[in-house]
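Novice: coordinates for the following, if possible.
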Amino acid sequence: MPDDVSKRGSQDRRRINVNQDYELRNWALKFGVSPEALRKAVQEVGDSADNVERHLKAQARRDL
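Specialist: Model (predicted):
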């Protein structure tokens, strides 16, 4: 689902738009990953921030 910058609200805040540089940078910082890793996670599980966070945490556990 693309990010609509004209709409402000909770649903839009829980979606990651990797095509917006500022969003990619901010979400990558929040999750402590590179922008490339964030793009890959969004490709794998979709743009839901909750799903991406769970995916990245599970991936970090597997990498230990």
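
Novice: the residue minimising distance to the centre of the chain and residue 58: what is the separation?
Specialist: Note on the chain: the residue nearest the mean C-alpha position is residue 16, at 4.5 Å, using Cα atoms, centre = their mean. Per Cβ to Cβ, to the nearest Å, residue 16 is found 17 Å from residue 58. (Glycine included, C-beta is placed from N, CA and C.)

Novice: now residue 40
Specialist: 14 Å.

Novice: next one: residue 39
Specialist: 17 Å.

Novice: same thing with residue 42?
Specialist: Taken as Cβ to Cβ, the span from residue 42 to residue 58 is 15 Å.

Novice: of the two, who's got more company?
Specialist: Higher neighbour count among residue 42 and residue 58: residue 42, with 21 against 11, using other Cβ atoms under 10 Å.

Novice: where's that one, which helix or strand?
Specialist: Under the criterion of DSSP states H and E, residue 42 resides in helix 35-45.

Novice: hmm, who's touching that helix?
Specialist: Outside of helix 35-45, the residues within contact range by Cβ atoms under 8 Å, 6 or more residues apart in numbering are 16, 18, 24-25, 27-28, 31, 33, 51-52, 54-56, 59.

Novice: quick one, helices of the protein?
Specialist: Taking DSSP state H as the criterion, the chain carries its helices at 10-13, 21-31, 35-45, 49-63.

Novice: quick one: the last one to chain centroid distance?
Specialist: Centre-to-centre, helix 49-63 and its host chain are 11 Å apart (Cα atoms, centre = their mean, to the nearest Å).

Novice: tell me which residues in it are buried?
Specialist: Neighbour-count burial for helix 49-63 flags 49, 51, 52, 53, 55, 56 (criterion: 16 or more other Cβ atoms under 10 Å).

Novice: one step back: want to throw the helices of the chain into a markdown table with mean pLDDT?
Specialist: Output for the helices of the chain, formatted as a markdown table (pLDDT from 0 to 100):
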| stretch | mean pLDDT |
| --- | --- |
| helix 10-13 | 67 |
| helix 21-31 | 96 |
| helix 35-45 | 98 |
| helix 49-63 | 94 |
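
Novice: do you know the pLDDT at residue 2?
Specialist: With respect to pLDDT, residue 2 scores 54.

Novice: that's all I had, so thanks and see you.
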